[in-house]
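1. Just the structure for this:
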Amino acid sequence: MFLLCFSLAMRMRCLATMSALGPVRPGRRCRVSTARSARRERAGGGARARQPAHAPPGPAPPANVARAAAAAPPLIRNRKQRPTGRPKMAPPTPLLAVRGSEGLYMVNGPPSFTESTAFQRDSGKNCKAVAFSKDGSLFAWCNGEKVNVVNVTRAELLHSFDLPKTVCLEFSPKNNVLAMWQAYATAKDGTAGVPNLQLHDLRTGKCLKSFMQKKMQNWCPCWADDESICARNVNNEVHFFENNNFNTIANKLHLQKVSDFVLSPGAQPSKVAVYVPGSKGAPSFVRLYQYPNFEGPQSALANKSFFKADKVTMLWNKKATAVLVIASTEVDKTGASYYGEQTLHYVAANGESAVVQLPKNGPIYDVSWSPNSAEFCAVYGFMPAKATVFNLKCDPVFDFGTGPRNAVYYSPHGHILVLAGFGNLRGQMEVWDVKNYKLISKPVASDSTYFAWCPDGEHIVTATCAPRLRVSNGYKIWHYTGSVLHSYKVPSGEEMWQVFWQPFLDGVFPEKAVKYQAVPSELPSAEPRPAQAYRPPALRNKPVTSSKLHEDEPPQNMKPHLGSSDKPLSKTALKNQRKHEAKKAAKQEAKADANQGPAQDKTPQNALQNAVPAMTTGDPEVDKKIKNLKKKLKAIEQLKEQAAAGKQLEKNQVEKIQKEAALLKELEDLELGV
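-> Have a look, this model is predicted:
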């Protein structure tokens, strides 16, 4: 009896436990079929498990169905899974602002090319100044009556300033301040004029500060990207203001005759590059400082001095790690160049500096940093000009050869580079894939006076503007593969003065893969027919013999081959190698002299060009003295350069420099035979 009662009690307990857990689990086949039914239910959109919170409650699915769906393999569960989060928005369409005698208006960029309704056309013919903010959201212009500021994205007028004579406009990087400059004028009685540089707060519209700025050159104050500091050049000093408080000068950088300065881009701490022109035999120099450490020459991050510089152009890279300095003189005293003389210098924030060695003589037409801040491209040399990409060690990476070019433009992403020949050249362009150094296209934009990349990194605008050219004014929008997508010509009797893209911040437009095949276009190819060379009537029916004034050099990769296992030579090995090469060259020269007979009267043309005639007086002793004097003067020149670079000279070296004038006079007397 006891055993019977115990077995009944155990059975009752098991039944109670099973009823609490739900129905008995089916076998493997039932489990899979249940999962399939759950998937079908979810796909049909009627799954109760996905009802919204505000829906009326319904019967819950059986526990075994829920467990089966949860236990299904990940591949089965995620097959119909939808992407989560908001979908990515398409990049905006950049606007192209056009200013001319037809007025001021904006055109939608590719693919529509229609006039934008976000900006109402200003039909006045007195529009002299226009500017976009750095992020492209704000636009300001002066129409000869007022300076207006609009929000382009909302098509809303924000401010209107009563400054009708404004000729220059500039936004601060964060759109907090608008700088406006009017031509400086004195009063009728000859007294000083009123302040002509106005800084207005764009939130309140109030004038923050007015300055006296006589010259248009470097008229605008320079802001750091976060607007924590602002700087302007005043009387050989650079004045710094902090947090847009222009009533108090927070810091000063005082150097004798500071001619120019450039603030570094990017995040804090800000750096500043300053240029001081040379005077009274002292060299010019460029120094880099980190704000606010300006006390003494030892506080400079880097210093580079050089002679032959009437003016300089300083270019920071995006990461603010280095500056390129183009030093130029107005007149080339050797008479070799109409453009004067130019040299290219590299100055790094870590103190390194170097002269960039350019393989071809001639002017430097253009230099541009790559957006990756690790390379730069220079276009230089007498026509046909060379173009070369250099790394941060100033070593050549890729040589594009020679061609009719005088400008270089990197795309916003840095993956495409355009070499172009504008101005007095025919407008030929070369579009290169920088990563693979492969030529993409060679379009021709004849009579172009302006070139700019679209912020999307795929399109280009070229334009012919007045007053540079007053005929055939208009613009063209290209795809970098060479297709003309849109063309506009100004009607007869009208002029176009300026075109420029609406800017955008980095990262708005993603980088796309490079295409090599020309994109389709409804417009015909813009390549002009090649001009036929003139031939005299006597030669017109005879075969053409090709003759070139210059042989174009082909492009070549300057990088070392990846497969080569050559290690860099040590200093001793390099010295021995140079000695060996010098001995070899001397032997070859001696052999050539021996082979050259006395009967040879004609000298090769290149030998005549390279030969430097040595001046002789006829007296060996005098010639020897002249040679020794030139050696001493050369040594003095080297000592002066070392002193300019900051090296402490010894007493005897200083005395040598002091004897320079006497040595020059003695040399002159010997050469004149006095």
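
2. Count residues in the vicinity of Leu485, would you?
-> 19 (other C-beta atoms under 10 Å). (Glycine included, C-beta is placed from N, CA and C.)

3. And the pLDDT for it?
-> Leu485 is assigned 93 on the pLDDT scale.

4. same check, this time on Thr34
-> Value for Thr34, per-residue pLDDT: 42.

5. Pull up the gap between the nearest residue to Gln517 once chain neighbours are set aside and Asn196, please.
-> Excluding its sequence neighbours, the residue lying closest to Gln517 (C-beta to C-beta, 6 or more residues apart in numbering) is Thr481, at 6.7 Å. Going from Thr481 to Asn196 by C-beta to C-beta, to the nearest Å gives 47 Å.

6. which one of the two has more residues nearby?
-> Set Thr481 next to Asn196 and count neighbours by other C-beta under 10 Å: Asn196 wins out with 21 against 17.

7. give me phi/psi at the closest residue to the more buried one other than its chain neighbours?
-> Among residues not flanking Asn196 along the chain, Gln182 sits closest, at 4.5 Å (C-beta to C-beta, 6+ apart). Dihedral pair for Gln182: phi -110, psi 150, per degrees, to the nearest 10.

8. Break down the chain into its helices, ranges please.
-> Here the chain has its helices, by DSSP state H, at 2-21, 28-43, 63-71, 74-77, 571-595, 605-610, 620-644, 651-658, 660-672.

9. list the contacts for the residue nearest to Gln517?
-> 431, 440-441, 515-519 (C-beta atoms under 8 Å, 6 or more residues apart in numbering).

10. Need the pLDDT of it.
-> Listed pLDDT for Thr481 reads 92.

11. ok, now how distant is it from Tyr516?
-> Distance of Thr481 to Tyr516, given as C-beta to C-beta: 7 Å.

12. any shared contact partners between the two?
-> Ile440.

13. which residues of the stretch 401-550 of the chain fall in strands?
-> For the stretch 401-550 of the chain, strands defined by DSSP state E, counting those that start in this stretch occupy the ranges 407-410, 416-420, 429-433, 438-441, 450-453, 459-464, 474-479, 484-489, 496-501.

14. Please name whichever of the ones you listed is nearest to Lys174.
-> Among the strands of the stretch 401-550 of the chain, the nearest to Lys174 by C-beta to C-beta is strand 496-501 (20.6 Å).

15. which of the contacts of Thr481 count as buried?
-> By neighbour count, with 16 or more other C-beta atoms under 10 Å, those hold 431, 440-441 as buried.

16. quick one: which of those is nearest Cys377?
-> Distances from Cys377 to these, taken by C-beta to C-beta, are shortest for Val431, at 13.5 Å.

17. in the sheet, who's paired with that closest one?
-> According to DSSP bridges, the residues that bridge with Val431 are Val418, Ser441.

18. List the residues that contact it.
-> Here Val431 is in contact with 416-418, 439-443, 480-482 (C-beta under 8 Å, 6+ apart).

19. Please repeat the previous calculation with a cut-off of 10 Å.
-> 409, 411, 416-420, 439-443, 460, 478-482, 514, 516 (C-beta atoms under 10 Å, 6 or more residues apart in numbering).

20. what number of residues lie near Pro510?
-> 10.

21. how close does it sit to Asp456?
-> In terms of C-beta to C-beta, Pro510 sits 9 Å off from Asp456.

22. Find residues that contact each of the two.
-> By C-beta under 10 Å, 6+ apart, the residues touching both Pro510 and Asp456 are 91, 413.

23. What score does Ser37 have for pLDDT?
-> pLDDT for Ser37: 45.

24. got it, and Leu358?
-> Leu358 is assigned 91 on the pLDDT scale.

25. Just list the residues touching the closest residue to it other than its chain neighbours, thanks.
-> Leaving aside its sequence neighbours, Leu358 sits nearest to Tyr380 (C-beta to C-beta, 6+ apart; 4.9 Å). Shown in contact with Tyr380 (C-beta under 10 Å, 6+ apart): 342, 344, 356, 358-367, 386-388, 406.

26. again with Pro92
-> Applying C-beta under 10 Å, 6+ apart, the residues near Pro92 are 109, 136, 153, 455-456, 502, 504, 508-509.

27. gap between the two ends of stretch 346-360?
-> Start and end residues of stretch 346-360 are separated by 18 Å (C-alpha to C-alpha, to the nearest Å).

28. low-confidence ranges in this protein?
-> Counting by pLDDT under 70, the chain contains low-confidence residues at 1-90, 297, 332-339, 525-534, 544-552, 558-618, 672-674.

29. burial of Trp503, as a residue count?
-> No, residue 503 isn't Trp; it's Pro. Neighbours around Pro503, by other C-beta under 10 Å: 15.

30. Please report the distance of it from Ile416.
-> On the measure of C-beta to C-beta, Pro503 and Ile416 end up 18 Å apart.

31. cool, Thr343 as well?
-> Distance from Thr343 to Ile416, by C-beta to C-beta: 29 Å.

32. Looking at the two, which is more packed in?
-> Ile416 (22 against 18).

33. got the contact list for the closest residue in space to the more buried one that isn't next to it in sequence?
-> Nearest non-adjacent residue to Ile416, counting by C-beta to C-beta, 6+ apart: Tyr480, 5.8 Å away. Going by C-beta under 10 Å, 6+ apart, Tyr480 touches 411, 416, 418, 429, 431-433, 440-441, 443, 453-454, 457-460, 514-515, 518-519.

34. try it again with 7 Å
-> 416, 431, 440-441, 458, 460 (C-beta atoms under 7 Å, 6 or more residues apart in numbering).

35. Could you work out the most separated pair of these?
-> It's Ser441 and Glu458 that sit farthest apart of those, by C-beta to C-beta, at 12.7 Å.

36. roughly how far is stretch 367-374 from the heart of the chain?
-> Relative to its parent chain, stretch 367-374 has a centroid offset of 6 Å by C-alpha atoms, centre = their mean, to the nearest Å.

37. Quick one: residues in contact with that stretch.
-> By C-beta under 7 Å, 6+ apart, stretch 367-374 touches 315, 317-319, 321, 324, 326, 344, 376-378, 391-392, 408-410, 412-414.

38. Give the buried subset of those residues as a PyMOL selection command.
-> Buried subset of the contacts of stretch 367-374, written as a PyMOL selection, criterion 16+ other C-beta under 10 Å:
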select buried, resi 317+319+321+324+326+344+376+377+378+392+408+409+410+412+413+414
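
39. just the buried members of the contacts of Tyr380?
-> By 16+ other C-beta under 10 Å, the contacts of Tyr380 give 342, 344, 356, 358, 362-367, 386-388, 406 as buried.

40. Go through those and name the one nearest Leu208.
-> Val367 (35.6 Å).

41. give me the beta-bridge partners of that closest one?
-> Here Val367, judged by DSSP bridges, has bridge partners Ala378.

42. now the strands for the stretch 251-400 of the chain?
-> 251-254, 260-263, 271-276, 284-290, 302-306, 311-316, 322-329, 341-348, 353-355, 364-369, 375-380, 385-391, 396-403.

43. got those as CSV, with distance to Leu425 columns?
-> CSV is the format used below for those (distance: least, C-beta to C-beta, whole Å):
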stretch, distance to Leu425
strand 251-254, 41
strand 260-263, 29
strand 271-276, 30
strand 284-290, 31
strand 302-306, 30
strand 311-316, 21
strand 322-329, 20
strand 341-348, 18
strand 353-355, 28
strand 364-369, 10
strand 375-380, 11
strand 385-391, 10
strand 396-403, 10
